[in-house]
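J.: requesting a structural model of the entry that follows:
(2 chains)
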Amino acid sequence: MNKKSNDSVIMKGNEALAEAAIRAGCRFYSGYPITPQTEVLEYLSWRMPEVGGEFIQTEDELAGINMIYGASAAGERVLTSSAGPGFSLLQEGISYLVAADLPAVIIDVARLGSGLGDIFQSQSDYELATKGNGHGDTMVITLTPASVQETVEFVYLAYELSEKYRHPVLILSDAAIGQMMEGVTFPELSEHDINKYDWSVKGRKKGSEPRKITNVSYFCEGGYYGYEAIYADKIKKIAENEQRWESINVEDAEIVTVAYGISSRICKEATELARESGLKLGLIRLKTATPFPVKAFDEISKDCKALLLVEMSISAQLKSDVVVASKGKLPIYAYLSSVDVPESEKVVEIANKIILDEAKEELVYEP
Amino acid sequence: MNIGIICSGFGGQGVLTTGLLMAYAFHHNGKNITWYPSYGSEMRGGTANCMVKASDTDIASPYVKKIDILVTLNEPAIAKFEKQVVPGGFLFVNSSLVDEKRCYRDDITVVKVDTEKLAEQAGNSKGANIAMIGAVLKKTAVLTFDEYNDAMTKYFTDKGKEKFNSLNTAALKAGYDSI
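T.: Numbering: from 1, shown residues only, chains lettered A, B, ... in the order given. Predicted coordinates:
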């Protein structure tokens, strides 16, 4: 996960994310500080001017998301980031980006709790990140990195996918990955041509017809039915082509854990611990939460007795997706650790209890 | 290698930097590392700590629950973390600030380091935390003096602070030689 090479440096997840955005050609950031993602702003406040880009600390998150809408429409590679209550405020803007077919990369460094919550690590934004995203039939592509290195790789992937589909991409990080330092290597700095795409708003070329705004709502050939067809086709293609995951030992596992982000690293360690004690434990690690990697569940062994969700939340937020992906065929248990990073020994302990039929199918956090 | 370290003390004592320098040196010497700070409302004079893991293999959680090496720069840090040290592990105590009569667990190795005096003798009164690292290296041998010192020198040189290199090495050596 965090391999050392000669170019490897150590960096905080949030700072590495910001540097990766610069290197991927992002030249416009607008957003508002909130712990635990403020390092993204802090870093870009000096780094963005170095590469000739625009950094704007806006008056609030609403301005942050709406400014990237404008800059993206002009063809720029854009970024905004937030956390907790700030992420709630981005939802309307995300819906507008989707409706306008605009690429954008949005970061949520998840923190604890509803309301103001707290600044500590948590994975309680899963439902909002995968099923929220504002009003309407909105869905975004949601990437879930599990290390500082993967955060960097996913920033590149996010820009690639967002332009491929002209669609916003969300990176769902968490406070543990955002705040910790690990070894990381970066690709070379790249530049993005603001005039690369024909769909962006540009100045009129001499002799060409001026492009006019004729309607403020989405309108294309066939009216709303036309738009529906285009949008349905887009989300179908995304669901079919962009599922990403990592499977470990699912072919012969008696119990398969399902996790993403920081929790998935613990599950990975747990699969090794369990095998040492003779328990066949597997892992499906989400790299995309939307589209949910349904295909991963086809590879699960016929001998599998149950699925075990491992999440830092109070309710089992992965449950509905996992029920659908596993077609309701397997019992689902959960190890919900809320503010605490889960422990691999506890994962193994719960898996053993499930095998012995001593575990409750309890899907709520027990302090 | 697979070790967990916690550095703890008052904000302003260089607690986060102490952990960061060690993480940096492990990384410089080819180890996988994680460094995780306490963050949020910490301030100068308040409490601060950071967790460092170093390993030859992948690291799962950045949290250090079982401490192999506990580096404390004040007394509250001992009270908070001593119980988490693994039997046979190390507790480094900043004897410049901690009552000499304080009692400790008898199943761990307690190392008292007069960091402020050592740093002052080395002509680097701000280098108490680096003197402490010197003592950690000598006692635990997690890295050699040179492995660590080369990394620290690079760290400060890259930050444009190379003029402090000789003073920092002097503080490190003072701590190292005190054991």
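J.: quick one, strands of chain B?
T.: B:2-10, B:32-37, B:47-55, B:67-72, B:85-94, B:109-113 (DSSP state E).
J.: up against chain A, what does chain B have?
T.: B:20, B:23-24, B:27, B:30-37, B:39-40, B:58-63, B:65 (Cβ under 8 Å from any Cβ of the partner chain). Any C-beta I mention is one placed from the backbone N, CA and C, and that applies to glycine too.
J.: can you tell me which of the residues you listed are in helices?
T.: B:20, B:23-24, B:27 (DSSP state H).
J.: ok, the nearest residue to residue A:146 once chain neighbours are set aside - contacts?
T.: Closest residue in space to residue A:146, ignoring its immediate chain neighbours: residue A:264 at 5.0 Å, by Cβ to Cβ, 6 or more residues apart in numbering or on different chains. With contacts defined as Cβ atoms under 8 Å, 6 or more residues apart in numbering or on different chains, residue A:264 is in contact with A:146, A:283, A:285-286, A:310.
J.: how many residues are close by the closest residue to residue A:60 other than its chain neighbours?
T.: Using Cβ to Cβ, 6+ apart and skipping residues adjacent in sequence, the residue nearest residue A:60 is residue A:32, 5.5 Å away. Other residues lying near residue A:32 total 23 when counted by other Cβ atoms under 10 Å in any protein chain shown.
J.: pLDDT at residue A:32, what is it?
T.: Per-residue confidence (pLDDT) for residue A:32: 98.
J.: one step back: got the ones in helices among the residues of chain B next to chain A as JSON lines, with distance to residue B:90 and pLDDT columns?
T.: Shown next, in JSON lines, are these (distance: Cβ to Cβ, whole Å; pLDDT from 0 to 100):
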{"residue": "B:20", "distance to residue B:90": "19", "pLDDT": "97"}
{"residue": "B:23", "distance to residue B:90": "17", "pLDDT": "98"}
{"residue": "B:24", "distance to residue B:90": "20", "pLDDT": "98"}
{"residue": "B:27", "distance to residue B:90": "21", "pLDDT": "98"}
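J.: picking up where we left off before, let's have the strands of chain B in JSON lines, adding mean neighbour count.
T.: Below are these laid out as JSON lines (neighbours: other Cβ atoms under 10 Å in any protein chain shown):
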{"stretch": "strand B:2-10", "mean neighbour count": "23"}
{"stretch": "strand B:32-37", "mean neighbour count": "25"}
{"stretch": "strand B:47-55", "mean neighbour count": "23"}
{"stretch": "strand B:67-72", "mean neighbour count": "25"}
{"stretch": "strand B:85-94", "mean neighbour count": "20"}
{"stretch": "strand B:109-113", "mean neighbour count": "19"}
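J.: let me have those strands in JSON lines, extended by distance to residue B:170.
T.: Shown next, in JSON lines, are those (distance: least, Cβ to Cβ, whole Å):
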{"stretch": "strand B:2-10", "distance to residue B:170": "21"}
{"stretch": "strand B:32-37", "distance to residue B:170": "25"}
{"stretch": "strand B:47-55", "distance to residue B:170": "24"}
{"stretch": "strand B:67-72", "distance to residue B:170": "20"}
{"stretch": "strand B:85-94", "distance to residue B:170": "19"}
{"stretch": "strand B:109-113", "distance to residue B:170": "16"}
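J.: pipe the ones you listed into TSV and attach distance to residue A:186 and mean pLDDT per row.
T.: Listed next are the strands of chain B as TSV, based on distance: least, Cβ to Cβ, whole Å; pLDDT from 0 to 100:
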stretch	distance to residue A:186	mean pLDDT
strand B:2-10	27	96
strand B:32-37	17	97
strand B:47-55	22	94
strand B:67-72	31	98
strand B:85-94	35	98
strand B:109-113	38	98
